[in-house]
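[1] Generate coordinates for the sequence data below:
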Amino acid sequence: MEKTESPLKKYRRQPKLYFNIPSIGKWYNENAFAENTYTNLAVYSMTASDEILFKTPDALINGEATAKNINSCIPSILDPWKIKTLDLDAILIAIRMASYGETMNVTAKCKKCGADNQYEIELQKYLDFFSSKEFEDKVYYENFVIHIEPLNYKQWTNIQKQQTAYQRALNLTVSKIVEENEKEKFIQDVIDKINVLVAQAILDQVVAVEVDGQVETNRKEIDDFLEQVEVGLFHELKRVIEANTTEWRIPPESIKCNECEHEDSVRISLDASDFFVQG
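    Numbers count the residues shown, from 1 in each chain. Below you'll find the model as predicted:
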């Protein structure tokens, strides 16, 4: 008997929406996207397995949950670890919209009367917000032009893992140290490590240095230069990077208390543990 096509095939996942990544592929040159296409990307809903991953603590900490979900829901992204952090929020919002719809319920306690209020937030406005932004990718200092680009998801995840490890060390170890001087020394050592990590995250965004009509792109030469650079250049680099971070941060949503009509604002969080929950 000839086997007929399964009637279930037509019910398999279909794209729920299409969107453009904010960078439009500006910094991608490693085939992170299929056919190097960065616009009109098909976004599928999460599967049950995808959703479970976002409830697995270890997978959240090491970034695997997010990477695997991006692979599952946006197949044209071949290597999620190469995704620039500039594009990551928009990608996560698109997956959320494809999975649960274009709105998200947010609960906020009124700062005036203490009432708990629930608000429905439209998510499309955030995709529109990201598409309207520009990333400042050059830093000018005296006769130098420093070219920068956002960290990729692998770099960002590694930084987050180290920061988490340092924070755990503070929380778990400090209380066990009896000697006050030893305790202060341990705390300062951890703080120094965190400061070094923050500085390295800034320097890692430098991809080229232009001076005297020439452009240096060799990673070792750039690192050696940045280790010896005067503090003024570093501060200007830090200022521009922090300005980019502020500019690209999801804007607050204006809200009004249902009980006392007190006006306030709330900012949605893209923390995967609660962002990818239906509601």
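
[2] for the chain, what spans make up the strands?
    Counting by DSSP state E, the chain has strands at residues 17-19, 41-43, 103-109, 116-122, 138-141, 144-148, 206-211, 214-216, 253-256, 263-266.

[3] Tell me which of those strands lies nearest to residue 191.
    Proximity of these to residue 191 was assessed by Cβ to Cβ; the nearest stretch is strand 206-211, lying at 24.3 Å. The way it works is simple: take the backbone N, C-alpha and C, and place the C-beta from them, glycine included.

[4] contacts for the closest one?
    Strand 206-211 has contacts (Cβ atoms under 8 Å, 6 or more residues apart in numbering) with 143-149, 215-217, 222, 225-226, 237.

[5] how about residue 258, what does it touch?
    Residue 258 is in contact with 115, 117, counting by Cβ under 8 Å, 6+ apart.

[6] Between which two of the contacts of strand 206-211 is the distance greatest?
    The most widely separated members of those, counting by Cβ to Cβ, are 143 and 149 (21.6 Å).

[7] The two: who's more crowded?
    Neighbour count, other Cβ atoms under 10 Å: between residue 143 and residue 149, residue 149 has more, with 18 against 9.

[8] Look up the pLDDT of the nearest residue to the more buried one once chain neighbours are set aside for me, please.
    Closest residue to residue 149 apart from its sequence neighbours, by Cβ to Cβ, 6 or more residues apart in numbering: residue 27 at 4.5 Å. pLDDT for residue 27: 92.

[9] would you list the strands of the chain in TSV and tack on mean pLDDT and mean neighbour count?
    Listed next are the strands of the chain as TSV, based on pLDDT from 0 to 100; neighbours: other Cβ atoms under 10 Å:
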stretch	mean pLDDT	mean neighbour count
strand 17-19	95	16
strand 41-43	97	19
strand 103-109	90	15
strand 116-122	92	13
strand 138-141	96	14
strand 144-148	97	19
strand 206-211	96	16
strand 214-216	96	10
strand 253-256	92	14
strand 263-266	92	13
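
[10] Can you check which of those strands gets nearest to residue 177?
    strand 103-109 (36.7 Å).

[11] Mind listing residues that contact the closest one?
    96, 115-123, 253, 255, 264, 266, 268, 279.

[12] Each with direction, which strands does it pair with?
    strand 116-122 (antiparallel) (DSSP bridges).

[13] Show me the contact partners of the partner strand.
    Taking Cβ under 8 Å, 6+ apart as the rule, strand 116-122 contacts 102-110, 253, 255, 257-259, 266, 268.

[14] which pair in those residues spans the largest distance?
    102 and 259 (27.3 Å).

[15] measure the residue lying closest to residue 251 once chain neighbours are set aside to residue 53 for me?
    By the measure of Cβ to Cβ, 6+ apart, the closest residue to residue 251 outside its immediate chain neighbours is residue 129, 6.3 Å from it. The gap separating residue 129 from residue 53 is 27 Å, by Cβ to Cβ, to the nearest Å.
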